[in-house]
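1. need the 3D shape of this:
(one chain, ligands or ions: 4)
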Amino acid sequence: MRTSQLYLNTLKEAPSEAELTSHKLMVRAGLIKKLGSGLYTWMPLGMRVLRKVEEIVRDEMNAAGAQEMLMPTIQPAELWQETGRWALFGPQMLKIKDRHERDFCFGPTHEEVITDIARSELRSYKQLPVNMYQVQVKFRDEIRPRFGVMRAREFVMKDAYSFDADFAGLQVSYDKMYTAYSNIFTRLGLKFRAVAADTGAIGGDGSHEFQVLADAGEDILAYAPDSDYAANVELAEALAPVTPRAAAAEALRDIDTPKQTTCEAVAELMGIGIERTVKLIALVNNDGKFIVALLRGDHSLNEVKLGKVSGVGEFRFATEDEIRARFNCPPGFLGPVGIDADILVVADRSVAVMSDFVCGANKPKFHIAGVNFGRDLPEPNAVADIRNVVSGDPSPDGKGKLELCRGIEVGHIFQLRTKYSEAMNATFVGEDGQPKFFEMGCYGIGVSRIVAAAIEQNYDERGIIFTQAMAPFAIAVVAVGYHRSEAVKAAADQLYADLKAVGVDVLLDDRNERPGSMFADMELIGIPHRITIGDKGLADGMVEYVARAGGEMQKVALADAVSFAR
Ligand code: ATP
Ligand code: MG
Ligand code: MG
Ligand code: MG
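-> Residues are numbered from 1 along each chain as shown. Ligands and ions are numbered 1, 2, ... in the order given. Sure, this is the predicted structure:
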């Protein structure tokens with residue numbers, strides 16, 4: 001490609017709203033252009049980078065035996081109602097209606113759609129295992145879209161889904177994806193770490209995140225350099241017995257809709273109607289399943305009803321005693337609820353009372369309940385121990401000390417087990433002739449986020465420093481005086497042709513610009529290698545080579561220049 005043909009539009013100034021370096025540089029380099037909050041166009045130069053990331057992702061996914069497909073972005077509400085996530089996913093999901101007033105959403109993820117495919121397509125254990133993936137645009141109506149494509153509303157995700165006949169099979173599929181992800185991030189030249197992770201709204205059992213290490217990251221990771229121990233501190237928060245705040249916020253985040261009170265949202269989730277006078281207690285256990293208690297009328301505890309919702313049809317009422325037993329609550333424990341709280345959230349054995357919680361209108365107010373309830377808190381468990389850690393604290397696995405760092409989540413793999421197949425009644429006929437639920441896994445990569453994450457790891461005062469794997473072009477040939485020197489023009493055109501002939505992705509800067517601004521552009525957009533051709537050097541058959549990542553300028557023979565592009 002020649003710069004005279006390339007759509008290249010670099011900016012001196014970054015938009016004032018851009019906080020992160022990667023966001024500033026991506027806009028300045030003309031990789032992306034903002035359309036609206038969390039909505040970005042990938043301009044031709046940025047598209048080249050995105051495609052390089054996609055290529056590596058596809059390559060490793062294919063090598064791991066996954067097969068590419070493409071599902072619709074628009075999904076019917078009925079599928080999401082089957083799993084209960086139509087309500088549970090909350091305001092992150094963009095809901096839309098068609099001309100017949102039928103409900104749809106713009107897919108934030110595709111577990112429901114793929115499970116629907118599996119239940120009608122995969123009939124026998126002989127067809128398993130299967131792993132299918134797509135590279136596709138997702139929409140999530142993030143509360144705070146920011147940092148450009150790092151936390152966008154519309155973004156590109158690679159999502160894969162595996163189906164196995166049994167748990168042992170799922171573990172094999174999961175391990176393959178773990179390895180594929182490690183290969184992908186290694187090939188992209190990223191410094192990353194795989195950490196144990198919380199399963200969030202996707203749900204399921206085992207889970208790992210792949211985190212790009214960068215100070216700008218939103219996540220805090222605790223790891224032990226002397227062992228394999230590494231976890232997202234978010235995980236510890238969710239499991240911590242004495243920090244209800246994070247768990248409560250996490251649990252209720254997805255039922256927070258602007259139009260509804262939380263009571264109504266939870267009632268919708270449970271598929272029941274509620275009266276105005278009803279007070280509601282949401283109890284949330286560790287695996288993210290809601291256990292909901294309704295407190296009616298005068299808040300008499302005798303009328304407490306408890307329901308468990310983890311999918312459609314799993315709703316049941318229980319007695320106050322059962323609630324107490326489940327959460328090991330002494331008598332009187334539920335007492336204060338009727339007095340001043342609308343919602344009581346219990347995460348594992350911790351308690352948070354929320355009042356005045358009208359979603360969208362007020363920020364939730366948490367009254368963190370302590371010993372007020374007269375309860376014996378259990379011994380903190382190993383995971384919970386990392387909740388308030390500082391660098392140097394002992395690792396929960398007893399092997400050495402913990403370090404803390406920040407990370408950007410670029411990949412996330414989950415063992416879903418039978419969460420979705422059970423909710424959607426997706427079965428196959430097993431070897432014994434009996435119907436069985438699929439053992440599922442799902443595996444996401446933030447393809448567009450990776451570009452921003454990579455820039456957070458590699459930049460300097462002059463701009464982006466792309467690795468060879470992701471760079472929009474492998475090498476820039478800057479022809480100084482292309483329009484006035486026959487010799488420069490001839491040498492540049494020849495080198496350009498030679499590089500292309502050996503398959504090198506070369507950008508020939510043939511613009512009639514000052515050399516300074518040509519160099520500045522090539523540096524800003526992060527091209528890893530640069531050859532400069534000018535009259536002076538050419539007289540001796542020499543050109544100049546410099547690596548974007550640093551190092552001295554070298555004089556090299558024009559004849560050897562091709563070898564510098566690798
Ligand atoms: P986050 O914690 O950053 O909100 P997530 O845990 O909600 O991410 P997943 O459901 O695990 O996201 O989706 C798989 C991958 O998609 C994530 O690991 C991340 O790389 C990417 N991703 C998620 N949300 C966004 C977003 N708003 N913008 C860009 N990429 C995203
Ligand atoms: Mg998210
Ligand atoms: Mg996350
Ligand atoms: Mg995640």
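2. show me where the stretch 51-200 of the chain has helices.
-> 77-83, 85-88, 111-121, 167-187 (DSSP state H, counting those that start in this stretch).
3. most packed of those helices?
-> helix 85-88 (a mean of 22; mean count of other C-beta atoms under 10 Å). Where you see a C-beta, it was placed from the backbone N, CA and C, and this is true even at glycine.
4. any residue of that helix up close to ligand 1?
-> No. Judged by C-beta under 6 Å from any ligand atom, helix 85-88 and ligand 1 are separated, with a smallest distance of 12.2 Å.
5. now for residue 34, how many residues are close by?
-> For residue 34, the count of nearby residues is 17 (other C-beta atoms under 10 Å).
6. equivalent analysis for residue 36, please.
-> With other C-beta under 10 Å as criterion, residue 36 counts 9.
7. for it, list each beta-bridge partner.
-> residue 39 (DSSP bridges).
8. please report how far it lies from ligand 1.
-> 14 Å (C-beta to the nearest ligand atom, to the nearest Å).
9. show me the shaky parts of the stretch 101-250 of the chain.
-> Judged by pLDDT under 70, the stretch 101-250 of the chain has its weakly predicted residues at 198-205, 234-250.
10. tell me where it has strands.
-> 103-106, 130-139, 154-164, 192-196, 207-213, 219-223, 230-232 (DSSP state E, counting those that start in this stretch).
11. do you know which of the ones you listed lies nearest ligand 1?
-> Ranking the strands of the stretch 101-250 of the chain by proximity to ligand 1 (C-beta to the nearest ligand atom) places strand 154-164 first, at 3.6 Å.
12. any idea how far residue 446 is from residue 25?
-> The gap separating residue 446 from residue 25 is 18 Å, by C-beta to C-beta, to the nearest Å.
13. quick revisit: in a markdown table, list the strands of the stretch 101-250 of the chain along with mean neighbour count.
-> Listed next are the strands of the stretch 101-250 of the chain as a markdown table, based on neighbours: other C-beta atoms under 10 Å:
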| stretch | mean neighbour count |
| --- | --- |
| strand 103-106 | 18 |
| strand 130-139 | 19 |
| strand 154-164 | 24 |
| strand 192-196 | 19 |
| strand 207-213 | 25 |
| strand 219-223 | 22 |
| strand 230-232 | 24 |
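14. looking at the ones you listed, which is closest to residue 400?
-> For the strands of the stretch 101-250 of the chain, the distance to residue 400 is smallest for strand 219-223, at 10.1 Å, taking C-beta to C-beta.
15. that closest one vs strand 192-196, what angle?
-> Calculated by axes from the mean of the first three to the mean of the last three C-alpha atoms, to 10 degrees, strand 219-223 forms an angle of 80 degrees with strand 192-196.
16. low-confidence ranges, the protein, go.
-> Scanning the chain for pLDDT under 70 picks out 198-205, 234-370, 372-389, 565-566.
17. get me the contact residues on it for ligand 1.
-> Residues of the chain lying near ligand 1 (C-beta under 6 Å from any ligand atom): 109, 140, 142, 151-152, 155, 157, 200, 202, 409-412, 444, 446, 448-449.
18. hmm, 8 Å instead?
-> Neighbours of ligand 1 within the chain, by C-beta under 8 Å from any ligand atom: 38, 108-109, 138, 140, 142, 145, 149-153, 155-157, 159, 200-202, 209-210, 218-219, 234, 408-412, 414, 444-446, 448-450.
19. now list the buried members of the residues you listed.
-> Buried by 16 or more other C-beta atoms under 10 Å: 38, 108-109, 138, 140, 142, 145, 149-153, 155-157, 159, 200-202, 209-210, 219, 234, 408-412, 414, 444-446, 448-450, out of those.
20. ok now do residue 117, which residues does it touch?
-> Residue 117 sits next to residue 71 when contact means C-beta atoms under 8 Å, 6 or more residues apart in numbering.
21. against residue 167, how distant is it?
-> Taken as C-beta to C-beta, the span from residue 117 to residue 167 is 22 Å.
22. what of residue 427?
-> 16 Å.
23. as CSV, the strands of the stretch 101-250 of the chain with distance to residue 542 would be great.
-> CSV is the format used below for those (distance: least, C-beta to C-beta, whole Å):
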stretch, distance to residue 542
strand 103-106, 56
strand 130-139, 44
strand 154-164, 43
strand 192-196, 40
strand 207-213, 40
strand 219-223, 48
strand 230-232, 49
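24. among those, which comes closest to residue 69?
-> strand 130-139 (5.0 Å).
25. quick check: the residue of the stretch 301-450 of the chain nearest ligand 1.
-> residue 446 (2.2 Å).
26. let me see the contact set for residue 543.
-> So residue 543 contacts 491, 495, 531, 532, 533, 534, 537, 555, 556, 557, 558, 561 (C-beta under 8 Å, 6+ apart).
27. give me the number of residues near the third one?
-> What that stands for is residue 531. The local packing of residue 531 (other C-beta under 10 Å) involves 24 other residues.
28. I'd like to know how far it sits from residue 471.
-> 15 Å.
29. go on, residue 425?
-> Residue 425 is 48 Å from residue 471, by C-beta to C-beta.
30. quick one: residues contacting residue 450.
-> Applying C-beta under 8 Å, 6+ apart, one finds that residue 450 lies in contact with 53, 188, 190, 212, 410.
31. ok, residue 42 next?
-> Residue 42 sits next to 31, 32, 50, 448 when contact means C-beta under 8 Å, 6+ apart.
32. nearest spatial neighbour of the first one, skipping sequence neighbours?
-> Same thing as residue 31. With C-beta to C-beta, 6 or more residues apart in numbering as the criterion, residue 31 has its nearest non-adjacent residue at 3.1 Å, and that residue is residue 46.
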